[in-house]
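Visitor: Predicted coordinates and the sequence they were generated for:
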Amino acid sequence: MESNKEPSLWPLAILGIVVSYLTFRRTQNNQTTETILPQVNAKVERYFTPREPMVVPHIPSPTDGSDTNGRKDGTPPWKKRLEIAAAFIAFGLLIVNIFQMRATQKSADTADKTLKEMAFEKRAWIGPSSELVLDSSPSFTAARFEKQTILVNMTVKFSVTLQNLGLSPARRENDTFVLYPSEDSNIPPEDWRRQRPCAMSEQSSKNPIGVRAIFPGEKIALINRRAVAVIKARNILAVWIIGCITYQDAEGDQFHHTHILWTADLPSPPVPEVAFEEPRATWVPFTNFRMVDSAVD
């Protein structure tokens, strides 16, 4: 998209300034010459002229540096007016050109902002179109690792539907969901925990296997997805699911992310139950999740 550019007035401004400067320098040279030559001629003439007995008073010559109008440099009034007019014209052209440059820059910034807004509105937007639903009650299993350490895993199975709400197709879509049990129901997951699924999802999106395209308005149902976490808290009072959907627009290589945070709806007051005997762990049973935060980039 091309914009009509007005011709720049910089050349005229510079030309006016140069003409004024040259005229001023020429006037100064003429003034210096006209002032020195009469004085030298007068001294030479007085030296070689025979002296007369009669004393004649000295009458200053009109060429001793002043004209008949009393001007010291002998410059005609019209020439002075021309110099002043040229200086004002050059200054005016400079001011006009400065304002013209600022207006042109403002127009360019406005056009660039409009293009970015248009691209932003036409891009793909992937997000959940339904609440996250539990497919079954959470389960707990134990696993033995090195040094006879026994860890308890918590597994949650769920379903959710994604939809492209934008105007462009989304490609290389991949999603990751991380389970996070916690002992404190008032403190949400830290930022690094919330960024971790996006890093995992973006890495998977770079692999052509397992990614998909979602067209505008299309819905994709994620059925019986599973999220697993190792229980470090002995008394689980909050359960979070951190999700990230990663995708690209039809054009360009930039990755977009949809960040989603769900929390389990726990009864109030919570009634803990034993989840595992050895090592002992308790939890508060729940039947559904609700979305508490989301963001896109």
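Guide: Alright, I've got the coordinates.

Visitor: what about stretch 214-222, how long is it end to end?
Guide: 13 Å (C-alpha to C-alpha, to the nearest Å).

Visitor: Show me what counts as buried in it.
Guide: By neighbour count with 16 or more other C-beta atoms under 10 Å, stretch 214-222 contains the buried residues 214, 216, 220. Every residue, glycine included, has its C-beta placed from N, CA and C.

Visitor: likewise stretch 132-140?
Guide: Neighbour counts using 16+ other C-beta under 10 Å place 132, 138 of stretch 132-140 among the buried residues.

Visitor: so for that stretch, what's the average pLDDT?
Guide: Mean pLDDT, stretch 132-140: 93.

Visitor: now stretch 266-282
Guide: 87.

Visitor: Report the buried residues of that stretch.
Guide: 266, 270, 275, 276, 281, 282.

Visitor: quick one: which of those residues sit in helices?
Guide: Applying DSSP state H to the buried residues of stretch 266-282, no entry is found in helices.

Visitor: Need the max-distance pair from these.
Guide: 266 and 276 (18.5 Å; C-beta to C-beta).

Visitor: Of the buried residues of stretch 214-222, which belong to helices?
Guide: In helices, defined here by DSSP H, there are no members of these.

Visitor: and of these, the nearest to residue 156?
Guide: Closest to residue 156, out of all of those and judged by C-beta to C-beta, is residue 220, at 20.0 Å.

Visitor: isn't that closest one right next to residue 212, touching?
Guide: Yes - the pair residue 220 / residue 212 is scored as a contact, 7.3 Å apart, by C-beta atoms under 8 Å.

Visitor: who touches both of those two?
Guide: residue 173 (C-beta atoms under 8 Å, 6 or more residues apart in numbering).

Visitor: where exactly do the strands run in this protein?
Guide: Remark: strands assigned in the chain by DSSP state E are 126-128, 133-134, 139-144, 150-164, 170-182, 212-214, 219-230, 238-249, 255-264, 273-276, 281-283, 289-296.

Visitor: Pass me the low-pLDDT residue ranges in this protein, would you?
Guide: Across the chain, the ranges flagged by pLDDT under 70 are 1-13, 15-74, 107, 110-120, 145-148.

Visitor: how about a cut-off of 80?
Guide: For the chain, the stretches with pLDDT under 80 are 1-81, 103-121, 143-150, 208, 210, 233.

Visitor: According to the record, where do the domains of it fall?
Guide: Per the record, the chain has its domains at 10-122, 126-296, by automatic domain parsing.

Visitor: so of these, which one's packed in deepest?
Guide: Across the domains of the chain, averaging neighbours per residue (mean count of other C-beta atoms under 10 Å) puts domain 126-296 on top, at a mean of 16.

Visitor: first vs last residue of that domain, how far apart are they?
Guide: End-to-end for domain 126-296, by C-alpha to C-alpha: 9 Å.

Visitor: And stretch 144-157, by the same measure?
Guide: Using C-alpha to C-alpha, first and last residues of stretch 144-157 are 23 Å apart.

Visitor: ok, residues contacting that stretch?
Guide: Stretch 144-157 is contacted from outside by 134-136, 138-143, 179, 181, 224-231, 236, 239, 241, 275-276, 278-279, 281, 283, using C-beta under 8 Å, 6+ apart.

Visitor: let's go with 7 Å and repeat that
Guide: 135-136, 138-143, 179, 181, 224, 226-231, 276, 279, 281 (C-beta atoms under 7 Å, 6 or more residues apart in numbering).

Visitor: Likewise for stretch 281-296?
Guide: By C-beta under 7 Å, 6+ apart, the list of residues contacting stretch 281-296 reads 125, 131-132, 134, 152, 231, 234-237, 239, 241, 256, 258-267, 270-275.

Visitor: make it 6 Å
Guide: The contact list for stretch 281-296 (C-beta atoms under 6 Å, 6 or more residues apart in numbering) reads 132, 152, 231, 234-236, 258-266, 270, 272, 274-275.

Visitor: from the chain's centre, how far out does stretch 236-250 sit?
Guide: Stretch 236-250 sits 27 Å away from the centroid of its parent chain (C-alpha atoms, centre = their mean, to the nearest Å).
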